[in-house]
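Peer 1: okay, here's the prediction I keep looking at, along with the sequence it came from:
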Amino acid sequence: MTATPKHRRTLFSGAIVSILVLGLAALMSLGGGFSLFDVGSRSGREITKDAGTAASALVEQCGALAGQEKIDCYQAALSERLGALGVRPTMHALDSLVVRDDDAARDAHVYAHHIGIEAYQLSPDVTETFSGCTESFSSGCYHGVIQAYFEDRGNPDAKVLEELCRPYKRADQSRWILFQCVHGMGHGLTMYYDHHLPKGLEACDLLADLWDRESCYGGAFMENVMGATSPHHPAAVLIAETEHDSDAQEHGHASHDAPDSAWKAIDPDDPHYPCSVMDPRYHQQCYLMQTSVMLHHNGGDLLDASASCDGAPANMRPICHQSLGRSVTAYTKDPETAAGHCEAGSAEYRGWCYVGVVKAFVDWTARAESGLDFCHVIEDDQSYKSMCYNGLGEETAALIAEPEARAALCAQAEDEYVATCRQGAQLAGRAVS
């Protein structure tokens with residue numbers, strides 16, 4: 001599937017180009033023109049470099065649309081901006097867009113995936129393209145780059161997998177970007193094997209390091225859910241393109257290693273599937289995603305999902321309720337509202353719900369301060385509040401390499417929880433400055 005520059009496709013090429021044209025046509029038919037462009041010079045239109053201005057224009061032109069039509073409209077404009085200005089300015093425009101449109105905020109991870117996929121297709125160098133991505137929206141841009149890499153390169157043997165993320169394993173780096181690379185690997189491998197989850201997990205098993213394998217498993221389970229519940233996700237579009245790419249066949253490019261049998265991604269009759277059929281070594285990462293499946297089946301009923309988590313294997317119930325906390329943040333980014341959702345669920349595992357929320361807040365913004373805001377508002381049992389600060393410390397350890405910076409963050413915790421945050425941040429035993 002490796003394409004030469006002459007034949008390289010973009011996400012919206014071929015059959016998808018009609019979406020691009022329709023999206024831009026919709027933009028131009030509303031309000032007298034597509035105001036993402038400044039018309040000034042005789043050379044033609046110029047996309048504004050100011051992210052806020054671009055985002056405001058996007059909302060003006062796409063905001064009145066709904067559903068898939070709105071998604072197509074935004075994606076088309078982001079694609080245009082990406083081609084003109086590159087990855088980082090496009091991500092900055094998305095940052096500005098989500099504070100102006102709640103629909104865009106809900107789908108922001110999907111848009112970030114799209115940007116990463118197409119960015120790799122425009123510049124097929126993982127390290128270079130990675131450098132343009134940002135951590136916003138659960139690092140979807142990074143994940144998209146890795147997905148596109150596997151669709152392009154194929155042959156995910158152990159050597160390829162070990163080398164792909166090696167640039168992010170320096171001793172002086174935090175594990176944040178490394179996690180995005182290896183987690184994205186799980187997305188890409190599962191997609192490469194036509195969403196046959198067991199094949200994707202078996203490929204993750206080729207990684208030598210346990211931490212890498214666990215991170216890869218998490219991406220594989222996330223992709224399994226996304227593939228089943230978001231058929232218009234950019235990853236699905238990418239698969240459709242590669243499967244029907246006659247150019248790849250003509251030039252002898254590698255094709256997918258097709259699985260031996262079809263895989264059922266989710267099961268409406270079993271809220272614990274696919275975890276219920278997985279080898280125990282995969283259970284933790286599976287249950288960290290499972291409430292997304294439960295909420296898909298029950299129409300978004302958080303209380304029902306909490307009850308379902310109570311029916312998980314005993315050792316996985318805390319993990320399932322942590323997953324519920326992560327899922328809560330898809331419904332609200334307001335700390336007090338998120339805490340209220342956790343309080344309404346299982347009292348026994350409420351602390352784990354808080355852990356899921358705080359980790360998701362940090363993951364969403366790549367800012368540990370987001371987690372501090374959440375832990376501060378919890379008015380609950382002291383042990384539960386302590387779990388929140390410990391979870392915040394754990395995410396801080398992954399996000400921030402420098403011990404001094406982690407210590408400064410934990411110093412902002414409420415006095416009685418500073419030590420708990422420091423313990424999670426792997427600062428236990430270090431002198432408090």
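Peer 2: All right, it came through fine. Numbering: from 1, shown residues only.

Peer 1: output the contacting helices and strands for the helix or strand where A119 lies.
Peer 2: Using DSSP states H and E, A119 falls within helix 108-122. Packing contacts for helix 108-122, counted by 3 or more C-beta pairs under 8 Å, 6 or more residues apart in numbering; DSSP states H and E, involve helix 67-85, helix 87-98, helix 126-132, helix 136-153, helix 234-243. In short, each C-beta sits where N, CA and C put it, glycine included.

Peer 1: report the mean confidence score over stretch 218-226.
Peer 2: Averaged across stretch 218-226, pLDDT comes to 93.

Peer 1: before we move on, the earlier item: same list (the helices and strands packed on helix 108-122) but as TSV, adding mean neighbour count.
Peer 2: Listed next are these as TSV, based on neighbours: other C-beta atoms under 10 Å:
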stretch	mean neighbour count
helix 67-85	21
helix 87-98	23
helix 126-132	18
helix 136-153	26
helix 234-243	20
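
Peer 1: figure out which of those helices is closest to G351.
Peer 2: helix 136-153 (22.6 Å; C-beta to C-beta).

Peer 1: so where's this structure shaky on pLDDT?
Peer 2: Across the chain, residues meeting the criterion (pLDDT under 70) sit at 1-47, 231-261, 429-433.

Peer 1: cutoff 50 now
Peer 2: 1-46, 244-255 (pLDDT under 50).

Peer 1: can you show me the strands along it?
Peer 2: Taking DSSP state E, the strands of the chain run over residues 37-41, 44-47.

Peer 1: quick one: neighbours of A428, just the number.
Peer 2: 10 (other C-beta atoms under 10 Å).

Peer 1: now C410, nearest residue through space, not along the chain?
Peer 2: Using C-beta to C-beta, 6 or more residues apart in numbering and skipping the chain neighbours, the partner closest in space to C410 is C421 (3.7 Å).

Peer 1: just checking, the one you found touches E394?
Peer 2: No - taking contacts as C-beta atoms under 8 Å, C421 lies outside contact range of E394: 9.4 Å.

Peer 1: neighbour count winner among those two?
Peer 2: Shown here are C421 and E394; by other C-beta under 10 Å, C421 has more neighbours (30 against 20).

Peer 1: which parts of the stretch 301-433 of the chain are helices?
Peer 2: 302-309, 317-331, 335-344, 350-365, 368-377, 382-399, 403-410, 418-424 (DSSP state H, counting those that start in this stretch).

Peer 1: would you turn the ones you listed into CSV with distance to L85?
Peer 2: Shown next, in CSV, are the helices of the stretch 301-433 of the chain (distance: least, C-beta to C-beta, whole Å):
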stretch, distance to L85
helix 302-309, 39
helix 317-331, 29
helix 335-344, 34
helix 350-365, 23
helix 368-377, 27
helix 382-399, 27
helix 403-410, 31
helix 418-424, 39
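
Peer 1: most tightly surrounded among those?
Peer 2: helix 350-365 (a mean of 26; mean count of other C-beta atoms under 10 Å).

Peer 1: in contact with V225, which residues?
Peer 2: Contact analysis of V225 by C-beta atoms under 8 Å, 6 or more residues apart in numbering lists A265, I266, M289, S292, V293, H296.

Peer 1: so of the residues you listed, which ones are in helices?
Peer 2: S292, V293, H296 (DSSP state H).

Peer 1: out of these, which is most surrounded?
Peer 2: V293 (29 neighbours).

Peer 1: and that one, how far is that from D270?
Peer 2: 9 Å (C-beta to C-beta, to the nearest Å).
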